[in-house]
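1. Sharing a sequence plus its predicted fold:
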Amino acid sequence: MNQKVPVREKIGYALGDGAANIAWRGVATFLFIFYTDVFGLNPATVGVLFLVARFSDGISDVLMGIIGDRTNTKWGKFRPWILWTAIPLGVILSMLFTAPDMSDSGKIVYAYTTYILFTLVYTANNIPYGALMAVMTGDDKERTSIGSYRMVGAFAGGMLVQGALLYLVAHFGNVDPTVKISKLDTDKFEVTVEAPRYVENANIYTKNNIALFTDEFAGEDYIPTKGVSFHMEADKPYKFIVEGDPTLTEKGISVIDQKKGYGYSMYLMSFFLSLFMIITFLSTKERVKPPKAQKTNLMQDFKDLINNKPWLVLLVIGLLFNIYNSIKQGITVIYFSHYLHNQLLAGSFMVGLTLASIFGAMATAPLSKKLGKKALFIYALIFSGVVNALLYFMGPEDIVGIFALGIISEFGAAIFPTLFFTMLGDAADYSEFKNGRRATGLIYSAGSFATKFGGGLAGAIIGFVLSAFSYDGKDTAAIQGSVPGIIMLMSWIPAIIAIIAAGFMSLYPLNQKKMDEVTIELNNRRSKEQIA
């Protein structure tokens, strides 16, 4: 009873993870810098927020797994939740990137409320979505194929938000200021900008990103940078010394309202998120059912879960590789903004990483057939981590080297989630094989818990490291002093996490021979049930 899944259905399923990654990668990549540089929160405060919200969310993950297993509708167990949460997830994502005018304490309350609400709605959407893959087919090899499609969709969604968002921020946040330029030397100018309205957090830079800005009122220790963040009063002139570009003109100066830019950009992204989720609901089908004799028994489900060694190992692995990936995603925009002084280049970098991720996801199925899932996972962890650590030796002028190392490392990193969610389906099959019971939603709660709590730990690590280096997103001098910490977070700190994960992966007990045995036995049981 090996059930083949049509390609159109695999594509429809993949769109769901494209949607989920508009939310997840959007949050993982941009929310930290939005909170610190636009909303004005302290990095340590943001780190604690990420940690607390994600840890508490682990409870809702388990509850959602239980609820999904016990949902019975004409549409199945898991598909309905994708439909019910499609629009709410888009709305709460938009609220995350909205920065209302509040006191410092009010901002913290707003951030906690909207972020925790986001994690809850994401849970109600993503656990059923992940579990759906395990019930679309009973063939573990076919699930690997679906997993590859899923990850291509996931990385395409990530590329959409990571590649386009900063350009959309620049478009929607354009202040359209009055600009005057006075030439002081061959490549040195005095630039005066004036905005028609108040801008709480403006960012000024040249469109070609080669000139250096010096605030006219900065002290002697000020180091010129390629962009300056500042508050703008309406109709008040602000002057800067700009040098390094002899062809500078008024049209070459951009001033961006980051608050407005982020808000409008994420509203647009949220629309596509909801649309893709609805398409996933309409295009997929549930085929694998729990054994007919299975009775609802929550305590037995938990007992089976705790005694499921493959699931326990995957829980730890999922946590570790999500810390690895989330640190890299969370620090990228900060790294490009404050180390390379070229924020828009981060968009191109992330597009390059996402293209590498798509190739990595597509290569996972054939590589796993040749090496086995366990061995491939270990090799990918070590390879990606070691390559990523080499970023420590890259200077701000080594753009080609930074892009090359990042892309090569990301090819290996793309294999992690592709294998992980496929192997959770294997763990669900193993539980049914061993115990005669199936709790797919509860099994997949490990995936959501690991993803979100791993991201929370990553956010805490980023926050604590940056705080240790006195990072302040609105203070240029403080930013420059925190550069060593930014480099560490971009390079060897996540690499250590990847190597630790490779060690834990060696404990995973299911090789391909065992999975073939499990699949054959379960197919025989299901065939007998159909005949009966």
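-> Perfect, thanks for sending it.

2. Skipping its backbone neighbours, what lies nearest the residue positioned nearest the centre of the chain in space?
-> Central residue of the chain (Cα atoms, centre = their mean): residue 25, 2.7 Å from the mean position. Of all residues not flanking residue 25 in the chain, residue 158 sits nearest, at 4.0 Å (Cβ to Cβ, 6 or more residues apart in numbering). In this view, the C-beta of every residue, glycine as well, is placed from N, C-alpha and C.

3. Now do the contacts for the one you found.
-> Going by Cβ atoms under 8 Å, 6 or more residues apart in numbering, residue 158 touches 21, 22, 24, 25, 350, 354, 357.

4. In terms of helices and strands, where is the residue nearest to the centre of the chain?
-> helix 7-26 (DSSP states H and E).

5. Show me how far that helix is from its chain's centre.
-> Distance of helix 7-26 from the chain centroid (Cα atoms, centre = their mean, to the nearest Å) equals 13 Å.

6. could you say what helices and strands whichever helix or strand comes after it packs with?
-> On the C-terminal side of helix 7-26, the closest following helix or strand by DSSP H and E is helix 32-33. If contacts are counted by 3 or more Cβ pairs under 8 Å, 6 or more residues apart in numbering; DSSP states H and E, helix 32-33 sits against helix 43-69, helix 309-338, helix 440-468.

7. Quick one, which of those gets closest to residue 135.
-> Residue 135 sits nearest to helix 440-468 of all those, at 6.0 Å, using Cβ to Cβ.

8. now for that closest one, which elements pack on it?
-> helix 32-33, helix 43-69, helix 104-136, helix 298-306, helix 309-338, helix 415-435, helix 483-490.

9. what angle sits between the third one and helix 43-69?
-> Between helix 104-136 and helix 43-69, the angle comes out at 30 degrees (axes from the mean of the first three to the mean of the last three Cα atoms, to 10 degrees).

10. Give the next helix or strand downstream of helix 104-136.
-> helix 140-172.

11. just how off-centre is the helix or strand just after that following helix within its chain?
-> Following helix 140-172 in sequence order, the next helix or strand is strand 178-185 (DSSP H and E). Taking the mean of its C-alpha atoms, strand 178-185 sits 41 Å from the chain's own mean (Cα atoms, centre = their mean).

12. So which bits of strand 178-185 are buried?
-> Neighbour-count burial for strand 178-185, with 16 or more other Cβ atoms under 10 Å as criterion, is recorded at 179, 181.

13. mind listing what that strand pairs with, with the direction of each?
-> strand 188-194 (antiparallel) (DSSP bridges).

14. Pull the residues that contact the partner strand.
-> Here strand 188-194 has contacts from 177-184, 204, 213, 216, 232, 235-243, 248, 253, 255, using Cβ under 8 Å, 6+ apart.

15. what's the spacing between the spatially closest residue to residue 504 that is not a sequence neighbour and residue 50?
-> Closest residue to residue 504 apart from its sequence neighbours, by Cβ to Cβ, 6+ apart: residue 316 at 5.2 Å. Distance of residue 316 to residue 50, given as Cβ to Cβ, to the nearest Å: 20 Å.

16. Who has more neighbours out of the two?
-> Between residue 316 and residue 50, counted using other Cβ atoms under 10 Å, residue 50 has the larger neighbour count: 30 against 17.

17. Check whether residue 26 really touches residue 269, as I assumed.
-> Yes: at 6.3 Å, residue 26 and residue 269 qualify as touching, with contact defined as Cβ atoms under 8 Å.

18. A strand includes residue 290, no?
-> No: under DSSP: H, G, I helix; E, B strand; the rest coil, residue 290 falls outside any strand and is assigned coil.

19. ok, now how distant is it from residue 136?
-> 15 Å.

20. low pLDDT regions in the stretch 401-532 of the chain?
-> Within the stretch 401-532 of the chain, the stretches with pLDDT under 70 are 446-448, 451, 473-476, 529-532.

21. Just to check, residue 85 is in contact with residue 277?
-> Yes: counting by Cβ under 8 Å, residue 277 is a contact partner of residue 85 at 7.4 Å.

22. For those two, list the residues in contact with both.
-> Applying Cβ under 8 Å, 6+ apart, one finds that residue 85 and residue 277 are jointly contacted by residue 125.

23. are any of the contacts of strand 188-194 buried, and which?
-> Applying 16+ other Cβ under 10 Å to the contacts of strand 188-194 flags 177, 179, 181, 204, 213, 232, 238, 240-243, 248, 253, 255 as buried.

24. any chance of those in TSV, with pLDDT too?
-> Shown next, in TSV, are the buried ones among the contacts of strand 188-194 (pLDDT from 0 to 100):
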residue	pLDDT
177	90
179	93
181	93
204	86
213	83
232	89
238	90
240	89
241	88
242	89
243	87
248	88
253	90
255	90
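
25. May I ask which two of these are separated the most?
-> Pairwise distances across the buried ones among the contacts of strand 188-194 (Cβ to Cβ) peak at 22.0 Å, for the pair 232 and 243.

26. How much space separates the closest residue to residue 50 other than its chain neighbours from residue 36?
-> Distance criterion Cβ to Cβ, 6+ apart; nearest residue to residue 50, sequence neighbours excluded, is residue 459 at 2.9 Å. Distance, residue 459 to residue 36, by Cβ to Cβ: 11 Å.

27. And residue 18, by the same measure?
-> Where residue 36 is concerned, residue 18 sits at a distance of 28 Å (Cβ to Cβ).

28. Residue 175 too?
-> Residue 175 is 21 Å from residue 36, by Cβ to Cβ.

29. same question, residue 160
-> From residue 160 to residue 36 the distance is 24 Å (Cβ to Cβ).

30. picking up where we left off before, now render the buried ones among the contacts of strand 188-194 as a markdown table, adding distance to residue 304 and secondary structure.
-> Shown next, in a markdown table, are the buried ones among the contacts of strand 188-194 (distance: Cβ to Cβ, whole Å; DSSP: H, G, I helix; E, B strand; the rest coil):
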| residue | distance to residue 304 | secondary structure |
| --- | --- | --- |
| 177 | 63 | coil |
| 179 | 67 | strand |
| 181 | 71 | strand |
| 204 | 59 | strand |
| 213 | 61 | strand |
| 232 | 60 | strand |
| 238 | 64 | strand |
| 240 | 65 | strand |
| 241 | 68 | strand |
| 242 | 66 | strand |
| 243 | 68 | strand |
| 248 | 67 | coil |
| 253 | 63 | strand |
| 255 | 59 | strand |
